[in-house]
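A.B. asks: Okay, here's the prediction I keep looking at, along with the sequence it came from:
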Amino acid sequence: MFELLSERIGEVFRKLSGKGRISEKDVDEALRQVRMALLEADVNLKVAKEFAARVRERTLTGEVLESLTPAQHVVRIVNEELISILGGKQSYLVPAGHPPSRVMLVGLQGGGKTTTAAKLALHLRRSGQSPLLVAADTRRPAAIEQLVTLGRQLDIPVYSEDPKVSPARICADAVKRSRELAANWLVVDTQGRLHIDEAMMGEMVDVRKALEPSEILLVVDAMTGQEAVRVAEEFNARVGLTGLILTKLDGDARGGAALSIKSVTGIPVKFVGVGEKPDALEPFHPDRMASRILGMGDMLTLVEKAEKVIDEKKAREMEKKLRTATFNLEDFLDQLQQVKKMGPLSQLMDMIPGLSSLSRKLPEGSMDDKQVKRVEAMVYSMTPDERQHPEILDGSRKRRIARGSGTTPQDINQLLNQFRQAQKLMKQLESGKARGLLSKLR
């Protein structure tokens, strides 16, 4: 979402880096370009102006202007101010004094409220909680069916009643049911509309009274830009929001809502949706988001994703294989499949310092997950002996594998080259400081 903004700001910093010293004129020109980049990203005008003014005030000091590395000082100041407009620090869910804690999700139709409810429940369960989903969107019967289906897929209980029952009554009954199930969190999917109206807000107020939620979270589509900010202001004025969930942050919109919404409304972003899969909901970290916008990566999130999918036993076995130089194509395929579980490859590259800008320069489709499927097809078309000893692959074997996988012998050669490069990389990682770093991450 922030690709163009990152590119523009990165260009500004590269120009500053080329100067030994910088003047007030250099600062003003750089901030003019940064402000234009923010406005092009659909950031609120007032937020963009205040951001630039704060950066200018902090930059025009003797410490920065007289420094031998002024560009580094400017990057640090911009990073700190970006963190500030994004919320400053992570905002957590606040549990109730007495269980069950209750999260009421509100929003317009089309913002992803129902799927987000299931994602949030899954996040809570993985955090050691016991959630109960509540289907209180009786205006759209399909929403009840959708939530029940999602709950069944994720093995999370769902409380629902006849659509003729009022949402407020459903919520009151759900609280009783949660105590029977020993659920300590209720995640309530409420009614939405295509637009804000009095009837909708009246229903929201009734549900809030019946539920007495500890959290009221607005689910809003990040791709709607400044419209998302306006919707947040409206809901906050009527029902009192405690936080926001921005969906579709993996989309190709300009990202202005994420950068504006906290400064304009005062409401913190608590979670962001980064994909369609049930686990594609992440806590929002302002510092990590600022780092990604500035092209500095997000290694903490990358490590957290790895910890969720990498089997510790398999990791130890892989370490042994690396030490004994027995890393083969089966291991190569296993590593690719584990990486695939962590999310789209393009998203993972954006989290690695120095690779976010590189990923945008790669040919289209080179980071596509379809490439991983092609590798899977080629490896599965090999015999066990060929996977364990790829050096035996001659021309006739390659032609047979190509026919079996729907590829060409050239594709097989490319795979073998990638495998040899991976072998070299693994040996490098297993040696010296890299080995110490990996052991800490594990």
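C.D. replies: Okay, I see it.
A.B. asks: for the chain, where's the lowest mean pLDDT among helices and strands?
C.D. replies: Of the helices and strands making up the chain, the lowest-confidence element is helix 432-441, at a mean of 44, by mean pLDDT, DSSP states H and E.
A.B. asks: Now the residue nearest in space to the middle of the chain. Its backbone dihedrals?
C.D. replies: Residue closest to the mean C-alpha point of the chain, counted by Cα atoms, centre = their mean, is V274 at 4.1 Å. Dihedral pair for V274: phi -120, psi 20, per degrees, to the nearest 10.
A.B. asks: ok, for it, nearest residue in space, not its chain neighbours?
C.D. replies: Counting by Cβ to Cβ, 6 or more residues apart in numbering, D250 is the residue found nearest to V274 once chain neighbours are left out, at 4.6 Å. Just so you know, the C-beta spots here come from the backbone N, C-alpha and C atoms, and that holds for glycine as well.
A.B. asks: Please apply the same query to A121.
C.D. replies: Of all residues apart from its sequence neighbours, P131 sits closest to A121 (Cβ to Cβ, 6+ apart), at 4.1 Å.
A.B. asks: for G275, same thing?
C.D. replies: Setting aside the residues directly before and after it, G275 is nearest to D250 in space (Cβ to Cβ, 6+ apart), at 5.4 Å.
A.B. asks: Tell me, how many residues neighbour that neighbour?
C.D. replies: Applying other Cβ atoms under 10 Å, we find 18 residues neighbouring D250.
A.B. asks: just for this structure, where's the confidence low?
C.D. replies: Counting by pLDDT under 70, the chain contains low-confidence residues at 1-3, 62, 67-68, 251-255, 295-326, 339-369, 422-423, 425-442.
A.B. asks: For it, which segments count as strands?
C.D. replies: Listed from the start of the chain, the chain has strands (DSSP state E) covering 101-106, 131-135, 158-159, 185-189, 215-221, 243-247, 269-273, 281-283.
A.B. asks: neighbouring strands for the fifth one, and are they parallel or not?
C.D. replies: Pairing partners of strand 215-221, with direction, according to DSSP bridges: strand 101-106 (parallel), strand 243-247 (parallel).
A.B. asks: so the residue nearest to the centre of the chain sits right up against E282, yeah?
C.D. replies: Yes: the pair V274 and E282 qualifies as a contact (Cβ atoms under 8 Å) at a distance of 5.8 Å.
A.B. asks: Look at the closest residue to R208 other than its chain neighbours and say how many residues are nearby.
C.D. replies: Distances taken as Cβ to Cβ, 6+ apart place V239 nearest to R208, at 5.8 Å, with adjacent residues excluded. V239 has 18 neighbouring residues, counting by other Cβ under 10 Å.
A.B. asks: and P167, what does it touch?
C.D. replies: Counting by Cβ atoms under 8 Å, 6 or more residues apart in numbering, P167 touches 136-138, 190-191, 203, 206-207.
A.B. asks: Scan those residues and report the most crowded one.
C.D. replies: With neighbours defined as other Cβ under 10 Å, the most crowded of the contacts of P167 is A136; it has 32 neighbours.
A.B. asks: What residues does that residue make contact with?
C.D. replies: A136 is in contact with 167, 170-171, 174, 188-191, 207, counting by Cβ under 8 Å, 6+ apart.
A.B. asks: For L294, see how far away it is.
C.D. replies: For A136, the distance to L294 (Cβ to Cβ, to the nearest Å) stands at 41 Å.
A.B. asks: same check, this time on D394
C.D. replies: Distance of D394 to L294, computed by Cβ to Cβ: 49 Å.
A.B. asks: of those two, who's got more company?
C.D. replies: Comparing D394 with L294 by other Cβ under 10 Å, the one with more neighbours is L294, at 20 against 8.
A.B. asks: which of the residues in stretch 185-196 are buried?
C.D. replies: The neighbour-count criterion (16 or more other Cβ atoms under 10 Å) identifies 185-192 as the buried residues of stretch 185-196.
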